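Q: sequence and predicted model, in that order:
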Amino acid sequence: MTATLDSAIPTAAANAAFGHRLAPPGDPLEGATFEAIYEQKIKPELEKCEAERRGAVRLFFLALAAGALLVFLENMMAPSVTGHPGATVDLRVALPTLVLACALGYVPLARVARSAKVSVICSLCEPLGVTYRDAGFEAPAFDTFLSLNLLPKPTSKAFQDLFTGRRGDVAFALCEATISQGSGKSRTVVFQGQLFRLVTPRRLASTTVVLRNSGWLQKFFECPKGLSPVGLEDPSFNQSFRVFGQDQVEAREVLTPTFMERLTALETAYAGGHIRCAFDATQLLIALECPNRFEIGGMFSNLVDRSRVEGVARNIEQVFQMIDEFRDA
């Protein structure tokens, strides 16, 4: 499948660093099977959404015009309100008026965008046996991510784009998470990216945690409860990561040079940063800060655009590639 990539999709060089292809032969997301899915299921739905999008765009510009009219009226009333001839409306009044008009006008467009996105993703996931939910869920194993210091403790959190299914003997779940701390003007986003949970038949006797030795994560390097620091023989890995585990021997067994290469390659392939992971019993948990994914693009151009669907398909293919890379970890 020839895909048109956006800024959130990794470059060819990054893909090459993370495996030789994004989909195995016969994958439903490429070739004739993809063509059939697009023509028979996705394109008709996008055509319906396109008609709705055009109506929503008209409403958006009507709302924008209404906002501009309100600002004009506020400007006309400014002299009588302030008692100063020639006075003009304060920007602190005009700007919120325009922003509110834009926000209200975009609501119908956002509704169409969500409908189109869910339709596209569900059509792509169905032949793969993958279940998709766009919102209204708790991230799988989220408490474990927190207890192992893979994520900062949240004041507020939001999750979207949950994918669950199986790839061979590996059960997987992944979603996008946004975690914030503080409130009001002091509210700060401390994590935005992907959470991966892979469950394999292999069961480990201990827990091993790998944290990124860079950026804001420096302050989360306190050892997770019940673990102790583990030193590895690879000096370059020790510079980039810190390892904690219950069993020093098992930690060194699972953190092979091949696994460590895959970990850094995944960070590159997803155009992300601050990757960290944990082996916990049968689970491999990965948290990766990266740009938003699984989106169909802007709403001010035609929705019936094959490149939009190809971009989403490429994101989904990359998930399976990631699972294939780590299934034997």
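A: Arrived safely, thanks for sending.
Q: and Val210, how far from Ala271?
A: In this structure, Val210 lies at 20 Å from Ala271, with Cβ to Cβ, to the nearest Å as the measure. (Each C-beta comes from the backbone N, C-alpha and C, glycine too.)
Q: compare the two and say which is more crowded by neighbours.
A: The residue with more neighbours, out of Val210 and Ala271 and counting by other Cβ atoms under 10 Å, is Val210; that gives 27 against 15.
Q: what lines up beside the host helix or strand of Tyr132 in the sheet?
A: In this assignment (DSSP states H and E), Tyr132 forms part of strand 131-133. Take DSSP bridges as the rule and strand 131-133 pairs in its sheet with strand 156-167 (antiparallel).
Q: quick one: the strands in this structure?
A: The residue ranges that make up the strands of the chain, judged by DSSP state E, are 131-133, 156-167, 170-181, 188-199, 207-212, 228-230, 241-245, 273-280, 283-289.
Q: and of those, who's closest to Ala32?
A: Ala32 lies closest to strand 156-167 among the strands of the chain, at 22.0 Å (Cβ to Cβ).
Q: pull out the buried positions in that closest one.
A: Lys157, Phe159, Gln160, Asp161, Leu162, Phe163, Thr164, Gly165, Arg167 (16 or more other Cβ atoms under 10 Å).
Q: what does stretch 186-201 give?
A: By neighbour count on 16+ other Cβ under 10 Å, the buried set for stretch 186-201 is Val190, Phe191, Gly193, Gln194, Leu195, Phe196, Arg197, Leu198, Val199, Thr200.
Q: stretch 282-293 too?
A: Residues of stretch 282-293 classed as buried under the neighbour-count rule (16+ other Cβ under 10 Å) are Gln283, Leu284, Leu285, Ile286, Ala287, Leu288, Glu289, Cys290, Pro291, Arg293.
Q: contacts only, for the fourth one.
A: In other words, Ile286. When contacts are counted by Cβ atoms under 8 Å, 6 or more residues apart in numbering, Ile286 is found next to Gln194, Leu195, Phe196, Leu198, Leu266, Ile275, Arg276, Cys277, Phe326.
Q: same thing with the third one?
A: Applying Cβ under 8 Å, 6+ apart, one finds that Leu285 lies in contact with Ala141, Thr144, Phe145, Leu148, Leu150, Leu195, Phe196, Arg197, Cys277, Ala278.
Q: ok, 10 Å please
A: Contact criterion Cβ atoms under 10 Å, 6 or more residues apart in numbering gives 140-142, 144-145, 148, 150-151, 195-199, 209, 276-279 as the residues in contact with Leu285.
Q: which strand residues bridge it?
A: Arg197, Ala278.
Q: any idea how far the closest residue to Arg212 other than its chain neighbours is from Leu162?
A: The spatially closest residue to Arg212, leaving aside those adjacent along the chain, is His274, at 4.6 Å (Cβ to Cβ, 6 or more residues apart in numbering). Separation of His274 from Leu162 (Cβ to Cβ): 22 Å.
Q: so which bits of the longest helix belonging to the chain are buried?
A: Ordering each helix of the chain by length in residues (DSSP state H) puts helix 43-82 first. Of the residues in helix 43-82, those buried under the neighbour-count criterion (16+ other Cβ under 10 Å) are 45-46, 49, 52-53, 56-57, 60, 63-64, 67, 70-71, 74, 78.
Q: elements contacting that helix?
A: Under the contact criterion of 3 or more Cβ pairs under 10 Å, 6 or more residues apart in numbering; DSSP states H and E, helix 43-82 touches helix 91-125, helix 306-326.
Q: just give me how far it sits from the chain centre.
A: 30 Å (Cα atoms, centre = their mean, to the nearest Å).
Q: same deal with stretch 131-139?
A: The answer for stretch 131-139 is 12 Å, by Cα atoms, centre = their mean.
Q: gap between the two ends of it?
A: From the first residue to the last, stretch 131-139 extends over 14 Å; the measure is Cα to Cα, to the nearest Å.
Q: circling back to that earlier point, which of the buried residues of stretch 282-293 sit farthest apart?
A: Between any two of the buried residues of stretch 282-293, the greatest separation by Cβ to Cβ is 25.3 Å, found for Gln283 and Pro291.
Q: so how far is Leu124 from the closest residue to Thr207 other than its chain neighbours?
A: Setting aside the residues directly before and after it, Thr207 is nearest to Asp280 in space (Cβ to Cβ, 6+ apart), at 4.8 Å. Using Cβ to Cβ, one obtains 30 Å as the distance from Asp280 to Leu124.
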